[in-house]
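**Student:** Fold the following and give me the result.
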Amino acid sequence: ARKCLWTPPQAARSETEVFGLFHKVKTYMKPSNGEWHVPDPNVALRRTAEKHCRLQALKASLNAVKNQLSDKNVQVWHQHTNSTNRAGKVMAAVRSAANAEICTQAWCKFFEILGTFNLLPEEALQNGEINTVHLCEAPGAFIAALNHYIKTSEATRYCDWSWAANTLNPYHEANGGSTTIADDRLIANTLPWWFFGSDNTGNIMIQKHLLELQTFVDNMHRVDLVTADGSFDCQENPDEQEALVASLHYCEVTAALLLLSPGGSFVLKMFTLYEHSSVCLLYLLNCCFSSVSVFKPATSKAGNSEVYVVCVNYDGKEAVRPLLSKLIRNYGPDLADREALFPSSTVPESFQTQHEQVCLYFRTLQVETITENLRLFEGMSSEQRQRLDYIRDCTTQEYLRRFQVGCHFLPRSRWISRHAVSPACCSVSAGRPLGQKKQTGSFNERRELQTLSWRERVERGCHATWIQPHCPATGATACMLEGPLSVCHVSSWYVVVGAALPAVRNSPFCDSGLLNHLNEAITDTKVDWTCVPPCGSCQVVCAASILSDVCSFTPSSDKTAARRQCLVFGSPSVWSACASPLESLNLRCIVEPSFPQRGCITLHDAEPLYQQQLLGHVVFSLQTLNSGDALLLPVLSALTRVTAAVVLCLHICFRSVTFRCPPPSGSVGTVLVCVGFCPEAAARILPVLSDKLPPGSDRQVLQFVPIDEMLTGGLTDFLCAMNAEIIRQKLQKMIVQVRGRTKGRNKVVNS
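**Tutor:** Residues are numbered from 1 along each chain as shown. Predicted structure coming up:
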């Protein structure tokens, strides 16, 4: 029932407001004289972009209103706007009523779009076959919503549905944290359906990837729907969000025009539409589709600039082929920066007039919302709170009624990632932060923070109280991988090769904030980080203590047997003197070969030569050790999929794996302490480890164990803990050194 328990005097006005929330849409009306047509490709991409004075005036007036938020604490402001958001209760209600998979705001928005527009072509419904492609799709809420819609709607529940998706690969170490969504709960369970391109980045703005994507979906008889939900993190420059994402929108539109079949639909997320690039894109879409609407879902926060361009009934590639060929030739991340898609003279005045009306309409809605939120931020009366709560309840009920959510309950067995019911798959992403980085403070405070040095940012950041204290010598005995790990599918391991990593900007095995701090620190050209001295105040683990732990981890039944071998990769001078009192250990030291220090510090553990040496150490160890033996293996870190897989191999072959950080004086890297070697387990994986990391100049092995195997069980927690301690130690030493240099300079100046 729609009726609420509490009915205010302004009930009729409130119902009108709720009705309006679901009708924030403007549809372009094509002239009957055929004036709107695909421009001649000879005029495309030949002139610089132009400014539309009236649209730029709208942009300036909107930014003036948005700038009033610059001094607001972002967390406090978001909490306030969440409480005033008319659709703020919809997500929880949908999750309860429909048992929706990945029930995020994006899920609710796309389900609303599906219920408002006829996106699925009649031909597809008649044939009982639906094929869709989803660009910039992480974490996968659009796919989950479409799955829910298809499997619960009368017209589609018996249709065969095939889908493919693309997004920036959350596991690719070179993908930046500001552009890559870490939430992989759907991706990890549906990897074969995701296209990441030949370099494994998933960057759809690379021309080669566009053509590879076309091949990837060749098995589809036709493509009925393309969605593009991409964006960048523009929170540090919100006034220019539209310009910053213009090239991405060009690429998404080009991809859709290439992939879609005649009669297909396209849904594109955009923001404000004031720039010439947006005018050109909207005009092109109107020339290629029977109907183009700009839609603001009720479940999209009214105070932001987000809108969805919904295009229905594609004319087909033949109608746009000459221009499309030129777009593909010029395809790339700087497409919008080179030249304007079309000159203004090519865009009819009748279109420009309609477009200005569209922009004015959505600008007015956004300004009204921001102004109201600013007014209510100063204080809200009980009557205003009651009215808001009433409208929020009515909006929720209207959403459930309008889109029949209560009738669309979907059992978990019909979810896309239904095999995630198993405990192993449910643990994927567990314990790791999901989604984009969280903003703190006001915009003005964050802008001021960017003017500071990396050390000052660390000291003001959320990790400061954890990084600053000197490292104790307690090691990590509490953080242990207990093995040998028997649940692994060695026969399904495969190698992924891609472009050589220029840096490690992202890792599923590390807190993104910590990694950002380290990357900022090592790019400081004023300090040579290859020779950072140890911190004199940090307590260093001694070699004797580690060897004593090796003995203590050995079961008593093994201690009475023959002396166990302990293989150590490191300096004999560090370890040999400590081994003589330990009668149960036969120590064997192997000096590590040198590797490019600067490269390894910059890339952490992503340097190909280092990875080859590390895997070589492991293979040698598995071939040399006997039952019950131990291994002490130093590692720089385990941020990449390759080094994480190396740790997984040790987890498979030893009864216990722990780490010691800081390492003993004279050791290079944190020491992995592996005790209780199991030859039978090693025999399973040795054949697949041979020649896993062939040398290469511009390409390298990025993965040799499926990522979902590395994200299950306790391995992720272990690696996150170890990498955090390693980064903490590095940052702490760097801060101490910089402080020392600063004090030294101050003494010289004062003298």
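
**Student:** Poorly predicted segments of the stretch 451-600 of the chain, please.
**Tutor:** Along the stretch 451-600 of the chain, segments meeting pLDDT under 70 span 468-478, 525-541, 554-562, 577-584, 593-600.

**Student:** Okay, strands next: where are they in it?
**Tutor:** Remark: strands assigned in the stretch 451-600 of the chain by DSSP state E, counting those that start in this stretch are 481-482, 496-499, 564-569, 585-590.

**Student:** Could I get the buried residue list for stretch 22-35?
**Tutor:** Neighbour-count burial for stretch 22-35, counted by 16 or more other CB atoms under 10 Å, picks out 22, 24-26, 28, 30. No exception for glycine: its C-beta is placed from N, CA and C like everyone else's.

**Student:** Look at residue 310 and tell me its secondary structure.
**Tutor:** Classification of residue 310 using DSSP: H, G, I helix; E, B strand; the rest coil returns strand.

**Student:** List the residues that contact it.
**Tutor:** The contact partners of residue 310, by CB atoms under 8 Å, 6 or more residues apart in numbering, come to 113, 117, 119, 265-267, 292-295.

**Student:** how much space between it and residue 67?
**Tutor:** Distance check for residue 310 against residue 67: by CB to CB, to the nearest Å, it reads 30 Å.

**Student:** about what we covered before: among the contacts of residue 310, which one sits closest to residue 52?
**Tutor:** Residue 52 lies nearest to residue 294 out of the contacts of residue 310, by CB to CB, at 16.4 Å.

**Student:** The contacts of residue 310 into JSON lines, with extra columns for pLDDT, distance to residue 499 and neighbour count?
**Tutor:** Output for those, formatted as JSON lines (pLDDT from 0 to 100; distance: CB to CB, whole Å; neighbours: other CB atoms under 10 Å):
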{"residue": "113", "pLDDT": "98", "distance to residue 499": "35", "neighbour count": "22"}
{"residue": "117", "pLDDT": "97", "distance to residue 499": "39", "neighbour count": "18"}
{"residue": "119", "pLDDT": "97", "distance to residue 499": "35", "neighbour count": "22"}
{"residue": "265", "pLDDT": "98", "distance to residue 499": "34", "neighbour count": "25"}
{"residue": "266", "pLDDT": "98", "distance to residue 499": "30", "neighbour count": "26"}
{"residue": "267", "pLDDT": "98", "distance to residue 499": "31", "neighbour count": "24"}
{"residue": "292", "pLDDT": "98", "distance to residue 499": "37", "neighbour count": "24"}
{"residue": "293", "pLDDT": "98", "distance to residue 499": "39", "neighbour count": "19"}
{"residue": "294", "pLDDT": "98", "distance to residue 499": "37", "neighbour count": "21"}
{"residue": "295", "pLDDT": "98", "distance to residue 499": "38", "neighbour count": "21"}
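
**Student:** from those, which ones fall inside helices?
**Tutor:** If you go by DSSP state H, these have residue 113 in helices.

**Student:** What is the nearest of the contacts of residue 310 to residue 241?
**Tutor:** Among these, and counting by CB to CB, the member closest to residue 241 is residue 294, at 16.2 Å.

**Student:** contacting residues around the closest one?
**Tutor:** Residue 294 neighbours (CB under 8 Å, 6+ apart): 25-27, 270, 273, 282, 307-310, 358, 362.

**Student:** quick one: which of the contacts of residue 310 is nearest to residue 103?
**Tutor:** residue 113 (15.6 Å).

**Student:** Would you mind confirming that that closest one makes contact with residue 309?
**Tutor:** No. Counting by CB atoms under 8 Å, residue 113 does not reach residue 309; the two are 10.7 Å apart.
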